[in-house]
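Colleague: One predicted model, sequence on top.
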Amino acid sequence: MLEGALPLEFVYAAALAMLLTQLRQNAPIAEVLTSVQRLCALARVGGVRLTRDLFADHPHLPVADAVGVLHDAMADLGITRIDIDSTTTDTEFVKLGGLLNLEHDPNGEALREAARDLGLWNIRLWFDGDAVPAGGVPVSAAQARQESDADVAARGAAARGAAVAAVESGALQEALARQDARATCRILHDAMHTAAFVTGATPEALHLVVEALVTEQAELNTVQAVLEHAREAGARTVFAHLMAAPDVHERRLLFDVAAALPAIVPVAREYIGNGTWYVVRNAAALLGESKQPAAVDDLTRLLKHSDTRVRMAAVVALGKIGGQTAMTRLESVLFDSSVDVRNRALSIVFSAPDAEATPTTRVQVHEEELTLEYQLEVVAALAYVQTARARSRLAELARQDSHALDVLQVRLAAIGALCTGHRPAADVVLHSLRDDPSTLVRERIQAALG
């Protein structure tokens with residue numbers, strides 16, 4: 001009854017305020033779980049954007065007090081907006097409740113850090129004065145960036161001329177040699193719309209452009225423009241980094257950047273048949289973000305994938321694309337062996353006629369626990385991210401000092417990745433392992449170095 005009488009935002013606000021109050025009052029766990037389950041049920045209806053200004057004047061009397069609780073919590077912490085996706089999990093709702101109950105933070109840095117550390121993939125927090133939410137980049141904001149002719153002209157002929165000269169004189173190669181990500185990104189950005197860009201935008205250079213965003217917080221628009229101008233080569237580079245990202249924060253950032261690239265659709269379709277489940281799930285999620293009907297057939301094939309996580313991603317992606325064809329395909333999933341997949345498909349099919357697509361919804365795609373399987377897959381992916389940072393990460397893994405069997409497997413995989421994608425630069429690391437205490441490591445090094 002309440003849901004039918006009130007806008008979804010206010011129903012959400014009331015349910016979230018109930019959870020906040022229960023956590024503050026140390027309510028019985030059964031009551032807290034009931035509130036979390038209610039929020040999860042609301043999430044299945046669709047994503048929502050909760051803005052502080054919307055709740056400043058709350059004319060809906062039935063929930064006025066509850067909405068006031070949420071408004072005051074957001075104001076106290078400097079949060080202007082909360083984006084909650086349709087795939088938000090119960091754990092994420094509990095984490096959100098805990099964050100909103102933190103003490104006032106004058107500059108918001110502690111809360112931003114907490115949001116990143118908790119890995120809230122499906123919930124985005126926007127703070128006063130922020131252009132992007134904590135933990136990543138909104139797809140809608142990145143997609144809104146379109147470089148106009150005026151933007152190109154504003155960079156000036158001098159900057160373009162200097163960039164072209166940097167490519168032709170070898171200055172770009174020098175930047176690559178010293179792994180200067182910012183300089184590489186700047187040169188390629190200023191060389192766009194010239195023949196020098198085609199020459200300079202090598203795989204190595206594009207990898208460094210992505211590194212400039214991840215490790216040096218280079219400006220998003222600059223990185224996005226270079227990657228978009230590189231077309232499929234740029235999209236393929238971001239996807240490679242996404243597969244090797246070590247934590248939720250970095251994966252969130254790279255996923256959003258990838259989703260905003262027009263060329264990501266053909267790249268994602270290339271990975272649909274990949275043998276690694278989380279790579280396929282990333283590809284499915286990106287196809288869903290594209291909202292292109294042409295991706296429906298690819299996603300339909302994934303509805304019969306052996307991994308439940310992939311099937312779930314395909315279901316949500318088809319729901320994002322929408323349309324009669326996608327909904328018809330989803331009906332075949334109503335007999336899936338997984339109750340979670342069946343329920344997700346059911347909620348999408350039955351809510352589709354009345355649901356409006358929201359630009360902030362995301363796919364729950366990167367909640368992998370650090371299982372051995374996942375660690376080995378990430379290590380293997382690092383072989384194809386040929387940067388000093390990736391090489392350093394592999395070296396650390398290869399040099400781990402432990403006799404545990406799982407650690408040994410990771411070490412051997414890291415050595416293999418160094419041999420596959422990072423020689424001769426990795427030879428110093430490999431030679432340092434010649435006298436390793438592990439017989440298996442010594443044998444692997446001997447086979448690699450001869």
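Modeller: Looks like it arrived, so ask away.

Colleague: what about the most centrally placed residue in the chain, helix or strand, and which?
Modeller: In the chain, the residue lying closest to the centroid (CA atoms, centre = their mean) is residue 252, at 2.3 Å. Under the criterion of DSSP states H and E, residue 252 resides in helix 248-259.

Colleague: now that helix: mean pLDDT?
Modeller: Here helix 248-259 scores 85 as its mean pLDDT.

Colleague: Contacts only, for the residue nearest to residue 233 when sequence neighbours are not counted.
Modeller: Distances taken as CB to CB, 6 or more residues apart in numbering place residue 206 nearest to residue 233, at 6.2 Å, with adjacent residues excluded. Yep, even glycine has a C-beta here, placed from its N, CA and C like the rest. Neighbouring residues of residue 206 by CB atoms under 8 Å, 6 or more residues apart in numbering: 226, 227, 230, 233, 234, 237.

Colleague: same thing but 7 Å
Modeller: Listed by CB atoms under 7 Å, 6 or more residues apart in numbering, the contact partners of residue 206 are 230, 233, 234, 237.

Colleague: doesn't residue 203 make contact with the first one?
Modeller: The one in question is residue 230. No: using CB atoms under 7 Å, residue 230 is not in contact with residue 203, being 9.8 Å away.

Colleague: neighbour-wise, which of the two wins?
Modeller: residue 230 (25 against 14; other CB atoms under 10 Å).

Colleague: rewinding a little: which element is the residue nearest to residue 233 on?
Modeller: helix 203-216.

Colleague: Export the next helix or strand after that helix to CSV, keeping only CA atoms.
Modeller: Downstream of helix 203-216, the first helix or strand assigned by DSSP H and E is helix 220-229. Output in CSV follows, covering the C-alpha atoms of helix 220-229 (Å, rounded to 0.1, in the frame of the first residue of the first chain):
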residue,chain,number,x,y,z
LEU,A,220,39.4,11.5,-16.4
ASN,A,221,38.4,13.6,-19.4
THR,A,222,42.0,13.5,-20.7
VAL,A,223,42.3,9.7,-20.3
GLN,A,224,38.8,9.1,-21.6
ALA,A,225,39.5,11.2,-24.7
VAL,A,226,42.7,9.3,-25.6
LEU,A,227,41.2,5.9,-25.1
GLU,A,228,38.1,6.8,-27.1
HIS,A,229,40.2,8.2,-29.9
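
Colleague: helices or strands up against helix 220-229?
Modeller: helix 181-190, helix 203-216, helix 232-244 (3 or more CB pairs under 7 Å, 6 or more residues apart in numbering; DSSP states H and E).

Colleague: same thing but 6 Å
Modeller: Contacts defined by 3 or more CB pairs under 6 Å, 6 or more residues apart in numbering; DSSP states H and E place helix 220-229 against helix 181-190, helix 203-216.

Colleague: Pop out the phi and psi values for residue 202.
Modeller: Taking degrees, to the nearest 10, you get phi -80, psi 160 for the backbone angles of residue 202.

Colleague: rewinding a little: what's the farthest-apart pair in the contacts of residue 206?
Modeller: Maximum pairwise distance in the contacts of residue 206, criterion CB to CB, is 7.6 Å, between 230 and 237.

Colleague: hmm, back to that, next SSE downstream of the helix holding residue 252?
Modeller: That would be, after helix 248-259 and using DSSP H and E, helix 264-270.

Colleague: can you pull the buried residues of that following helix?
Modeller: For helix 264-270, a neighbour-count test (16 or more other CB atoms under 10 Å) marks 264, 265, 267, 268, 269 as buried.

Colleague: does the second one really touch residue 288, like I thought?
Modeller: No: counting by CB atoms under 6 Å, residue 265 stays clear of residue 288, with 10.8 Å between them.

Colleague: which residues touch stretch 420-431?
Modeller: Identification of contacts with stretch 420-431 by CB atoms under 6 Å, 6 or more residues apart in numbering yields 383, 384, 386, 391, 395, 418, 445, 449.

Colleague: right, and out of the residues you listed, which lies closest to residue 162?
Modeller: Nearest to residue 162 among the contacts of stretch 420-431, with distances taken as CB to CB, is residue 386, at 26.8 Å.

Colleague: Can you classify that closest one as helix, strand or coil?
Modeller: coil (DSSP: H, G, I helix; E, B strand; the rest coil).

Colleague: So which residues of the stretch 351-450 of the chain form helices?
Modeller: 372-382, 388-398, 405-421, 427-432, 439-449 (DSSP state H, counting those that start in this stretch).

Colleague: quick one, which of the ones you listed is nearest to residue 346?
Modeller: By CB to CB (comparing all of these), the closest turns out to be helix 372-382, at 29.2 Å.

Colleague: Having no further points to raise, I will conclude here.
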